[in-house]
Structure formats: structure tokens, C-alpha cells
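*Asks:* sequence first, predicted model second:
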Amino acid sequence: EYIQEVKNGNISAEDFMAKTLERISDVDEKLHAFLNVNDDAVDQAREIDKKIKSGEKIGLCFGMPISIKDNICIKNSKTTCASKMLENYVSPYDATVITKLKEEDAVFVGKVNLDEFAMGLSTEFSAFGPSKNPWNIEHVPGGSSGGSAVSVSAFECIASLGSDTGGSVRNPASFCSTVGYKPTYGLISRYGLISYSNSIEQIGPLTRTVKDAAFMLNIIAGLDKNDNTTIDNKNVDYLSEIDSGIEGKKIGIIKEMIGDGIDSRVLSATNEAISKLESLGAICEEISLDMVKYSVAAYYTITATEAGSNLARYDNLRYGYDFPVEGYEFNSYISKARRKFGPEVTRRMIIGGYVPSAGHAGKYFLKALKVKSKLTKEVNEAFKKFDLLISPTVPILPFKIGEKIDDPISLFLVDINTVTANLAGKPAISIPFANANGLPIGIQLMADSMNDKLLLQAAHALESTVTLPEVPI
């Protein structure tokens, strides 16, 4: 809609950007989605208007305002990972996704909040304070890409980029009533994403509609010489045929994701979503994935191990902050310097040092890798019978700020429905579907690797059956 309005001359990129910044000024004091706002955004939008008027070739984005999770590097911009350890770090280069969006004339309106180093699922673990859910500011927005979801939901930007290691795009999308897309592993370059757990994390868009997610994917997907895990997607157009529908498609209902611990309102919404899909011509049947019950334990063992390795570089010698060296020998200096890390990062670093260590690796880390392998095999078998799999994105409604912060096990279990897609490398999407007591509920669809186009078609079909209230803020 924005692109069409700019093309028709009904609005200018500059005016729209000015209104966007005005909106941020009006609501972000309450929501705390942004860690910094781009002071040059209006000037950049004005330059794009000049290009349009002069008939120069213009990129696909036409100056649209996009927010970026603050663990994705933008050249000459702070990239803090919401951590005191990187509070003043300025990136010397652009992430590949940023380069691709710049080439299409996107304007980055600012960097948004996250759980420190993307470790968390409520955005309460940001060193700069939590973001708040625009549907009810007493509740968490989900995480770790909480700032991204809040900024999209509250009309502070048109789209956002987040990162998804175990549901960190889909979880906040569900909690804030936006679309959250986690692509096939390798579909989007991770070059310039500050690493948490390299083997399973992915950059993904958060948007207001499925079509917008497909639009973003068209720009940022594909091979990158700087990331050898990227896949050649043959320049697939994810927007084309998005209205194809799902008649005749077989959808598996994952039994283990609608069992014990699910909120009755979430279960009711899931059953309604299944009925809507059946009314569109899909065939829905229950399926059991036995390894799902071990997925959270395996996920946190693997990710903590990789996080412990990745965070070893933060020794205050190569990255860090002003801290006197005198009076310390090497190990005590590093130990003291790392006290800048918050509680969740510290917890995962300690676990990440323990589980792969001598005497424990076989008991924990290798066993977790076996679970990952068996789960992937199980999911692959499921996709021989089904085109798609369905579940609620999160089994509970958004919880209150502070409600679970001192109970890490309870927090970890919120990931039960999302980690499978990451461990198996499959694409998954969260679609806003219902609203209970003023709090959003999202539905998750998952597809086989490289079937991202089918997944977006199915998500768009389900989205078309729903009319949701506007965000109250």
C-alpha cells in the first residue's frame, strides 16, 4: 500500500518518514521498542523523493521505514546487542541483508531492542530495559526480537528484521499480533548478524501481512559469498502465486504441541484455525512427533555450547569498555570484565562451558546432537506424508513483565513449539489469528526445507480468513 501511494504521488517518502518519526516520538516512551533512532532518516527519504521526481531508477522499497534488531550490523551505526559489553560498539561494515535493503532504497528508521545477545524470549533481559507489549504494556512482547515485533505492531515502521534461533522471530510475532517468518536454514545470509548459535539461527522479517513478509524475502534471500551456509534459491519470486490457496494440501496437526500445558484459549484458537484451513480445502490430520518432548532440552544444550564459544571473544581486549588493566592478572581481569554481562547471558555461558566439557560431553552435548538428528529424521518422515505442519506458535498467552524472570525453566518451556523448526532447519511462520482478553494468539505453520513459497501461500490463505482488532495504543 505504501509503495502504491508513493508511486501514485499521494504521499512522499519524506512526509511518510516524518510521520513515522512522529509516531515513534508519541508512543515509544511507553513501549521502548527503539534503542536508537536514525537522525538522518528524513534526509535519506528526501533524497529518494528526488530520485523519483528525476526519473532515476528506484529500488523496490521506495524509502519505506524499516527497523533493525540491534544484533544486525549497519555500517557507522551502534550495534549493541542490548548489552553493556557492546554499549559503544560501532560497526565498520554492513550485514548482507542491510546491503541488499540499501540497494532497494529502504531507509532504516532505527535499531530496536532485544534480549541481550538474543538470549531470552521476553525482551526483559535487555541491558537497557524491557520493551512492552503494545496490546497491554503490563505484558511482555516476547523475544528475543521483541523490539522488532513492537515496532511493527505499533506502526513505528512498515517492517523489521529480527533473528530466530529457537523462535525469536515467531514468539514475539505471536505475542504482538504480527507476522513472523523464520526461513529455511541458509536461505538468508547471516553475515553481519552477531552470532549466538550459528548452526540453527536465521535472520527473518517481521511484518504486518504475509505478503509483506514475501516482499522482504524476495529482497534478502539468496546466496552470499560471505556466508558459506547460504543456499541458491534460484531467484524464486515468493510473491508470485501467493493467492494460490491450499486446496488439496495435507496438513499435519502436531499432537505434542497441543497437549499438556496449553492455555485453553490458545487450544480453542488452534482448533478454529484448523477448521478454517479445512474450509479452504485442506486435509488436516493429527500426527505424532515423539522427539518434540526432548527438543527444548536439546536446543538449550546445543545453543548454550555454541553461545559459550561465540561469547569467548568478549574479553574486553578486542571488544568492550573502559576498564583499568592495572592490578589484575589475565584471568582475574577477564572475569572482572565479563561482569558486564547480564544474568541470562551469564547463565548460558556457564552452561555452555559445562555441557561440552571433558567428562560431560557424552552425557549432555553429544546426546543433544543425537536428539537433533532423530528429531530432524522424524520431521523429514512427516513431510513425506504432509505438505505442512500446524501448531499454536506459543502454548500460552503473553505473560506479565516480571512473572517468569526468576524461573528460567518455565521460560525455556515457552519455546516448546518453535525450536523444532530451528533444530530441523525448516521454514516456519507465525500468523496473527485471534485475540483473547485483549492479548494476541498466533498460529504456526511449518514446511519442508526450501518449500518457503508453499508456506507463504498457506499462511496467506489462513490470514485471509481472519479480521483482527487494531492495536489499542
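*Replies:* Sure thing, it's come through. Source: prediction; values computed, not measured.

*Asks:* list the buried residues in the lengthiest helix in the chain.
*Replies:* Secondary structure of the chain per DSSP state H: the longest helix is helix 365-385. For helix 365-385, burial by neighbour count (16 or more other Cβ atoms under 10 Å) applies to 365, 367-369, 371-372, 375-376, 378-379, 382-383. The way it works is simple: take the backbone N, C-alpha and C, and place the C-beta from them, glycine included.

*Asks:* output these as TSV; include the columns distance to N331 and pLDDT.
*Replies:* Shown next, in TSV, are the buried residues of helix 365-385 (distance: Cβ to Cβ, whole Å; pLDDT from 0 to 100):
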residue	distance to N331	pLDDT
F365	24	95
K367	31	97
A368	29	97
L369	30	97
V371	34	97
K372	33	98
L375	38	98
T376	39	98
E378	44	98
V379	43	98
A382	48	98
F383	49	98
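
*Asks:* next, E286: phi, psi?
*Replies:* Note on E286: its backbone torsions stand at phi -70, psi 150 [degrees, to the nearest 10].

*Asks:* repeat that for N228.
*Replies:* Main-chain torsions, N228, degrees, to the nearest 10: phi -70, psi 0.

*Asks:* how far away is it from Q202?
*Replies:* 15 Å (Cβ to Cβ, to the nearest Å).

*Asks:* between those two, tell me which one has more neighbours.
*Replies:* When N228 and Q202 are compared for neighbours, Q202 comes out ahead with 26 against 9, by other Cβ atoms under 10 Å.

*Asks:* ok, the more buried one touching S189?
*Replies:* No. Checked against Cβ atoms under 8 Å, the pair Q202 and S189 is beyond contact range at 9.8 Å.

*Asks:* the helices in the stretch 301-450 of the chain, which residues?
*Replies:* For the stretch 301-450 of the chain, the helices defined by DSSP state H, counting those that start in this stretch occupy 330-337, 343-354, 365-385, 408-413, 419-424.

*Asks:* out of these, nearest to E285?
*Replies:* Closest to E285 of the helices of the stretch 301-450 of the chain, according to Cβ to Cβ: helix 365-385, at 8.6 Å.

*Asks:* what's the angle between that closest one and helix 343-354?
*Replies:* When axes from the mean of the first three to the mean of the last three Cα atoms, to 10 degrees is applied, the directions of helix 365-385 and helix 343-354 differ by 100 degrees.

*Asks:* show residues contacting helix 365-385.
*Replies:* With contact meaning Cβ atoms under 8 Å, 6 or more residues apart in numbering, helix 365-385 is reached by 250, 252, 287, 289-292, 294-295, 297-299, 301-302, 305, 355-356, 389, 420, 423-426, 447-448.

*Asks:* derive a PyMOL selection command for the buried subset of the residues you listed.
*Replies:* Entered in PyMOL, the line below selects the buried ones among the contacts of helix 365-385, by 16+ other Cβ under 10 Å:
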select buried, resi 252+287+289+291+292+294+295+298+299+301+302+305+355+356+389+420+423+424+425+426+447+448
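
*Asks:* and the residue nearest the centre of the chain, what does it touch?
*Replies:* Most central in the chain under Cα atoms, centre = their mean is V169, positioned 2.0 Å from the mean C-alpha point. Neighbouring residues of V169 by Cβ under 8 Å, 6+ apart: 145, 148, 162-163, 180-182, 204-206, 430.

*Asks:* partner residues bridging S430?
*Replies:* G180, Q444 (DSSP bridges).

*Asks:* does it touch P440 like I think?
*Replies:* No. Here S430 does not reach P440: they are 10.0 Å apart, not a contact under Cβ under 8 Å.

*Asks:* more crowded one of those two?
*Replies:* S430 (35 against 32).

*Asks:* could you check how far the more buried one is from V371?
*Replies:* For S430, the distance to V371 - Cβ to Cβ - is 24 Å.

*Asks:* list the residues that contact the residue lying closest to K132 once chain neighbours are set aside.
*Replies:* Of all residues not flanking K132 in the chain, L31 sits nearest, at 5.2 Å (Cβ to Cβ, 6 or more residues apart in numbering). Under the criterion of Cβ under 8 Å, 6+ apart, the neighbours of L31 are 131-132, 134, 137, 150, 154, 156, 473.

*Asks:* just the residues you listed now: which is nearest L411?
*Replies:* S131 (16.0 Å).

*Asks:* you'd agree that closest one is in a helix?
*Replies:* No. Residue state for S131 (DSSP: H, G, I helix; E, B strand; the rest coil) corresponds to coil; a helix is not indicated.
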